[in-house]
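J.: fold the following for me, if possible:
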Amino acid sequence: MKIKLPKRKRFDNDKPDDTVKAQKEKIRLPRAVKIIYAVCVACLPLSVAFLLSERFSDFFNRYVSSIFRAITAHLTSWLPFSLAEFMLILLPIWIILLTRAIVKRFGDSTKELISGILCVCSILGVVFSSFTLGFAPAYRGSTLDKKLGLERCDVSAEELYATALILAEYVDAESESVDFDADGFSVMPYNYTEMNARLLDAYDTVCDEHKFVQRLDSRLKPVMLSDAMSYTHITGVYTFFTGEANINVAFPDYTVPFTAAHELSHQRGIARENEANFMAFLVCKASEDGYIRYSAYLNMLEYVMSALSSADYQLYMQVYAKLPMSVKNELAAYSNFYDKYRESTASDISETVNDTFLKIHGTEGTKSYGMVVDLAVAYFKTGDI
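T.: The predicted structure follows:
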């Protein structure tokens, strides 16, 4: 007698081995990773639009990117340290942990390994998206001279000389209320927190006059490894993915307010280096604090006198002779300080990377730092001082 077995449904465990294997090797990504890549794809046409339209870049930078910059700045402002620096310090550990996690979680097959790599690469996607949405249009918008109504043109040695004389007079006047130590350096009469507050007040003044400057309550982040950072010749850096304005506090005091204002300019959507330098000058100049104004005039004077030295050394010496001895001592002390960091492999690498980055985003590379002189000459020619 034959016994007929009842029909039953096939369960997963009954599937052929090749079907199970096919399901197992299917590339699967977490939903968050899929969203990150979707945002990256959406950012690609935006990047093209920034390249094609200066007006669109200005609009996006002022009304859309400003929101992203404000969010990232506020999310990290409560931290007393630089999150970007902390992430950089722990980078080797993160690499080791991620490598182990990928091998352990996704090492059973080639497709699972690809899934793991795609998950890790999504971190780069976050960086790309945050740059595109929060900072990229600032490189492609109208230039600062247009926004300020300045007429930039070729600068003569006589114009450099006239601008340097004006700046030297302001330096002389402000230096009278500045204290200097035995090494020749001026001394900032308050801590970085107080300097931050005074710079924000100065920014409010500039924002009232120039509506394109973003009004933002933010916190400067002194870099813990400032001495090591000095070997790269970097005095400050704005990290767009954390929204932080980081400053190198190993440099002499008189450079710090100007540098801080420069990085705060980046945080407010002034991307090009020469423009951030000039905005730093305008902000520090607008401050009610004498030391911050001293920092503005002396730093700008150094830019102008450097250009004047190349154009006409005799005129340069005439301006230098008019500086008070305290300021001459400060400049000499800075030169001696900088000798320690002047020649280094780190600075060569840093300059090459920075130069490449600036050129990719439509500026003239590290030479664009010198273009601030053109803006200064144009500004003082207007007589609005």
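J.: would you mind checking which helix or strand in the protein has the lowest mean pLDDT?
T.: Least confident element among the helices and strands of the chain, by mean pLDDT, DSSP states H and E: helix 345-360 (a mean of 46).
J.: which stretches of the stretch 201-350 of the chain aren't confidently modelled?
T.: Along the stretch 201-350 of the chain, the model assigns pLDDT under 70 to residues 342-350.
J.: do that again at 80, thanks
T.: Within the stretch 201-350 of the chain, the stretches with pLDDT under 80 are 232-233, 340-350.
J.: what about the helices in the stretch 251-385 of the chain?
T.: Under the criterion DSSP state H, counting those that start in this stretch, helices of the stretch 251-385 of the chain are mapped to 256-267, 273-285, 290-311, 313-322, 325-339, 345-360, 372-381.
J.: do the same with the stretch 51-200 of the chain
T.: 54-60, 66-77, 83-89, 91-106, 110-134, 136-140, 144-148, 157-175, 192-209.
J.: least confident of those helices, on average?
T.: Of all those, mean pLDDT reaches its minimum on helix 91-106 (a mean of 72).
J.: can you list the domains in the protein?
T.: Taking automatic domain parsing as the criterion, the chain consists of the domains 23-140, 146-381.
J.: first-to-last residue distance for the last one?
T.: Pointing back at domain 146-381 there. 15 Å (Cα to Cα, to the nearest Å).
J.: what do you get for stretch 246-258?
T.: 13 Å.
J.: stretch 57-65 too?
T.: 10 Å.
J.: what comes up buried for that stretch?
T.: 57-58, 60-62, 65 (16 or more other Cβ atoms under 10 Å). From N, CA and C alone the C-beta is placed, and that goes for glycine too.
J.: for stretch 122-141, same thing?
T.: For stretch 122-141, by 16+ other Cβ under 10 Å, it's 122, 125, 128-141.
J.: so who does the spatially closest residue to Asp204 that is not a sequence neighbour touch?
T.: Spatial nearest neighbour of Asp204, excluding adjacent residues (Cβ to Cβ, 6 or more residues apart in numbering): Arg215 at 6.8 Å. With contacts defined as Cβ atoms under 8 Å, 6 or more residues apart in numbering, the neighbours of Arg215 are 203-204, 207.
J.: give me the neighbour count for the residue nearest to Asp183 when sequence neighbours are not counted.
T.: In space, and not counting its chain neighbours, Asp183 is closest to Ala333: 5.6 Å by Cβ to Cβ, 6+ apart. Per other Cβ atoms under 10 Å, the neighbour tally for Ala333 reads 18.
J.: centroid residue for the protein?
T.: The centre of the chain sits closest to Tyr238, judged by Cα atoms, centre = their mean, with a distance of 2.7 Å.
J.: show me what it is bridged to.
T.: Ala245 (DSSP bridges).
J.: burial check on Thr193, number of neighbours?
T.: For Thr193, using other Cβ under 10 Å, the count is 12.
J.: that one and Val187, how far apart?
T.: 17 Å (Cβ to Cβ, to the nearest Å).
J.: just Gln214 next, same as before
T.: Applying Cβ to Cβ, the value for Gln214 to Val187 is 32 Å.
J.: then Leu323?
T.: Leu323 is 19 Å from Val187, by Cβ to Cβ.
J.: give me the more crowded residue out of those two.
T.: Leu323 (19 against 12).
J.: leaving out chain neighbours, which residue sits closest to that one?
T.: Closest to Leu323 by Cβ to Cβ, 6+ apart is Ala168, at 5.9 Å.
J.: still on that earlier bit, closest to Leu44 among the buried residues of stretch 57-65?
T.: Leu44 lies nearest to Phe60 out of the buried residues of stretch 57-65, by Cβ to Cβ, at 14.6 Å.
J.: doesn't Phe50 make contact with that closest one?
T.: Yes - distance between Phe60 and Phe50: 7.2 Å, which falls inside the contact criterion (Cβ atoms under 8 Å).
J.: picking up where we left off before, got CSV for the buried residues of stretch 57-65, with distance to Ser77 too?
T.: Listed next are the buried residues of stretch 57-65 as CSV, based on distance: Cβ to Cβ, whole Å:
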residue, distance to Ser77
Ser57, 27
Asp58, 26
Phe60, 24
Asn61, 21
Arg62, 21
Ser65, 18
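J.: and which of the residues you listed is nearest to Ser82?
T.: Closest to Ser82, out of all of these and judged by Cβ to Cβ, is Ser65, at 21.6 Å.
J.: list the contacts for the closest one?
T.: 133-138, 269.
J.: before we move on, what about Thr255?
T.: Listed by Cβ under 8 Å, 6+ apart, the contact partners of Thr255 are 235, 295, 299, 334.
J.: can you count the residues close to the first one?
T.: In other words, Thr235. There are 21 residues near Thr235, going by other Cβ under 10 Å.
J.: now do the second one
T.: Ser295 has 30 neighbours, counted by other Cβ under 10 Å.
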